[in-house]
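**Q** Structure for this input, please:
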Amino acid sequence: MSKFNILKVRPFGKSPVESKRAGRTHEGGDGYERTVLGELFLLAVSNMGGEQTFYESGGARDERYARLVRAAALQDPEWTARMLAWLRGEANMRTASLVGAAEFVKARLEAGADTGVTNRAVVASVLQRADEPGELLAYWTATHGRNVPKPVKRGIADAVQRLYDERSVLKWDSEARGFRVADVLNLAHPSPGADWQGDLFQYVLDRRRNADVAVPASLRIVAARRELMAWPVEERRALFGRPDAADVLRRAGMTWESVAGWLQGPMTAQVWEALAPTMGYMSLIRNLRNFDEAGMSDEVAAQVAARLADPGQVARSRQFPFRFLSAYEAAPSLRWGHALDQALEASLSNLPALPGRSLILIDTSASMTGTGYSARSKVTPAKAAAVFGVALGAKGEQVDVRGFASGVFRHELRRGGSVISEVDRFLKRIGEVGHGTDIVGSLKASYRGHDRVFIISDMQTIGGHGEGVSDVVPRHVPIYGFNLGGYQQGAYATGKANRHEFGGLTDSTFRMIPLLEAGRNADWPF
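**A** Numbers count the residues shown, from 1 in each chain. As a prediction, this is how the structure comes out:
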């Protein structure tokens, strides 16, 4: 008889988010507290900044996040710096990374820490879009006062040299912003990277004092924009009957938002068809309903759909997977469905195709459906959970997908069905089994000797069972928790053999799973 080569002692790996029994979840279940780094990571990848969640106010959530960043910046500055850069880049969490960089610098300056990673480099690493230097300055001055320290200014200056060009300045400079481009230049004093950029910086500063200042010859896009703005309204509208309309708009750096104000008239099919070739990927996603309502032709719509489905463009856009579901729900026409389904699948390329039998539990409780990720968003954690869970189920060999709350419902995935339509079908079943979060009870009702278990939830389980997840699922069976709430307490101990927890609104942390399945330790995704 074999003593060693048996399932219960197969190799296993450990994952980085560790927790131990301490306190209660928001629903009264046994709570498990994580290390500073683990709690920060799970909160960072789910925190939109200033947004209330089901159990936590926006203010309390932001205060907890800032406190964790400051603690991590002193405990492990190199780790924290890597996390913040990854958070803004691959994880695409804009506000959390900007706030994190500011609090990182604040904590280190107050503690007099000046070794290892530089504060300047951390600030520069999180600034990836031309409006973000102003955003960071607005946060710093509102939170820490008008005295902006040198590392913040120098990090901003480094980013400005990289980010400010004619198009970006025209797009993001606005009277509605507290810190305009000229304010950023005055505070940070960036060195221009080329002669044309020096001309741009000087023009922006001069324009603040005199709107009619001459445009330097090197700034062709700015000059073209000024010319367009001088056109009479009739000539603006007549542009869209010309074959060169798209080129005229492109040369002047006109975005769809700027055209909407400049036109002083309806955004017709002709207007959208002229704009579509130069619109950014996210702008296309956001405007599918507008395209349909304006009557965009099928020919141009097919070109848009091809861009949406292109895996390369999906990867470069760094869209959250749930955005494709939102676009699918919002668009009146069916002509976008296949392209959005392909885009969704491309955005989930890191989800593993696992052998054997898998159980996937998707939380449909009130805390997952009661609030969106932001005040303006209809996307709830339950929608993000359904996207990950259904797509993961579609990739596996033998997968049992269950929705759970106070009870459990079985959800059969149709073979050959599109992932986006299967997600839509799953979401229509929310509410079938109550509104509580009963993780242990759901495992007891669903686990039947599976090779692995996925729990996609905010992990705020109820108590009352007198047992935990490891009393229901044997310890030799991996449990992969995917946390979409980032609350302080989790639902079970993690970091030990076969008990893991990840998080985020992208598929990037799912890359850890094949390592763990192979018996290797999985590090942070950055």
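**Q** how about the CA coordinates for stretch 107-126, as CSV?
**A** This file holds the C-alpha atoms of stretch 107-126, laid out as CSV (Å, rounded to 0.1, in the frame of the first residue of the first chain):
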residue,chain,number,x,y,z
ALA,A,107,4.5,58.6,6.6
ARG,A,108,8.2,58.4,5.6
LEU,A,109,8.8,62.1,5.8
GLU,A,110,7.3,62.2,9.3
ALA,A,111,9.4,59.2,10.4
GLY,A,112,12.6,60.6,8.8
ALA,A,113,12.9,57.5,6.7
ASP,A,114,15.3,58.2,3.8
THR,A,115,16.8,54.8,2.9
GLY,A,116,15.8,52.4,0.2
VAL,A,117,13.1,53.3,-2.3
THR,A,118,12.8,57.1,-3.0
ASN,A,119,9.6,59.0,-2.3
ARG,A,120,10.1,60.8,-5.6
ALA,A,121,10.1,57.5,-7.6
VAL,A,122,6.9,56.3,-5.8
VAL,A,123,5.0,59.5,-6.7
ALA,A,124,6.2,59.3,-10.4
SER,A,125,5.3,55.6,-10.7
VAL,A,126,1.6,56.1,-9.9
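**Q** Need the residues that contact that stretch.
**A** With contact meaning Cβ atoms under 8 Å, 6 or more residues apart in numbering, stretch 107-126 is reached by 69-71, 73-74, 77-78, 81, 84-85, 87-88, 97-98, 100-102, 104-105, 132, 136, 149, 151-152, 154-156, 158-159, 162. Quick note: C-beta positions are derived from backbone N, CA and C, even for glycine.
**Q** cool, and stretch 257-270?
**A** With contact meaning Cβ under 8 Å, 6+ apart, stretch 257-270 is reached by 170-171, 228-229, 233, 236-237, 240-241, 245, 249, 254, 256, 271, 275, 290, 294-297.
**Q** repeat for stretch 395-414
**A** Identification of contacts with stretch 395-414 by Cβ under 8 Å, 6+ apart yields 351-366, 389-390, 392-394, 422, 426, 429-430, 432-439, 441-442, 445-446, 448, 450.
**Q** Inside strands: which ones of those?
**A** Using DSSP state E to define strands, the subset of those located there is 357-363.
**Q** can you tell me which two in these are farthest apart?
**A** Arg357 and Asp363 (20.8 Å; Cβ to Cβ).
**Q** Who has more neighbours out of those two?
**A** The residue with more neighbours, out of Arg357 and Asp363 and counting by other Cβ atoms under 10 Å, is Asp363; that gives 29 against 15.
**Q** And the buried ones among the contacts of stretch 257-270, selectable in ChimeraX?
**A** Here is the ChimeraX command that picks out the buried ones among these, judged by 16 or more other Cβ atoms under 10 Å:
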select :170,171,228,236,237,240,245,249,254,256,271,275,290,294,296
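**Q** ChimeraX command for the buried members of the ones in strands among the contacts of stretch 395-414?
**A** Burial among the ones in strands among the contacts of stretch 395-414 is assessed by 16+ other Cβ under 10 Å; the matching ChimeraX selection reads:
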select :358,359,360,361,362,363
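**Q** Turn the ones in strands among the contacts of stretch 395-414 into JSON lines, columns for pLDDT and distance to Pro266.
**A** JSON lines is the format used below for the ones in strands among the contacts of stretch 395-414 (pLDDT from 0 to 100; distance: Cβ to Cβ, whole Å):
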{"residue": "Arg357", "pLDDT": "96", "distance to Pro266": "56"}
{"residue": "Ser358", "pLDDT": "97", "distance to Pro266": "51"}
{"residue": "Leu359", "pLDDT": "98", "distance to Pro266": "52"}
{"residue": "Ile360", "pLDDT": "98", "distance to Pro266": "46"}
{"residue": "Leu361", "pLDDT": "98", "distance to Pro266": "48"}
{"residue": "Ile362", "pLDDT": "98", "distance to Pro266": "42"}
{"residue": "Asp363", "pLDDT": "98", "distance to Pro266": "43"}
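**Q** With distance to Ser46 as extra columns, can I get the ones in strands among the contacts of stretch 395-414 in a markdown table?
**A** Output for those, formatted as a markdown table (distance: Cβ to Cβ, whole Å):
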| residue | distance to Ser46 |
| --- | --- |
| Arg357 | 29 |
| Ser358 | 24 |
| Leu359 | 23 |
| Ile360 | 19 |
| Leu361 | 18 |
| Ile362 | 16 |
| Asp363 | 14 |
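**Q** Closest one to Leu42 out of the ones in strands among the contacts of stretch 395-414, please.
**A** Checking these against Leu42 with Cβ to Cβ, the nearest one is Asp363 at 15.2 Å.
**Q** Not counting sequence-adjacent ones, nearest residue to the closest one?
**A** The shortest distance from Asp363 to any non-neighbouring residue, by Cβ to Cβ, 6 or more residues apart in numbering, is to Ser457 (3.6 Å).
**Q** Let me see the contact set for the one you found.
**A** By Cβ under 8 Å, 6+ apart, the contact list for Ser457 reads 361-363, 365, 368, 385, 437, 439, 481-485, 491.
**Q** can you tell me which of those residues are in helices?
**A** Secondary structure from DSSP state H places 368, 385, 439 of these in helices.
**Q** which residues in the stretch 201-350 of the chain form helices?
**A** 220-229, 233-238, 245-251, 256-263, 269-275, 281-286, 288-294, 298-309, 311-317, 321-330, 337-347 (DSSP state H, counting those that start in this stretch).
**Q** Assign a three-state SS to Asp456, would you?
**A** Careful, residue 456 is Ile; it's not Asp. Applying DSSP: H, G, I helix; E, B strand; the rest coil to Ile456 yields a three-state assignment of strand.
**Q** my guess is Phe409 is in a strand, correct?
**A** Yes: counting by three-state DSSP, Phe409 is found in a strand.
**Q** Report the distance from stretch 196-205 to the chain centre.
**A** 33 Å (Cα atoms, centre = their mean, to the nearest Å).
**Q** my read: Glu132 touches Leu98, true?
**A** Yes: taking contacts as Cβ atoms under 8 Å, Glu132 lies within contact range of Leu98: 6.3 Å.
**Q** ok, so what distance separates the residue nearest to Asp363 from Val117?
**A** 34 Å (Cβ to Cβ, to the nearest Å).
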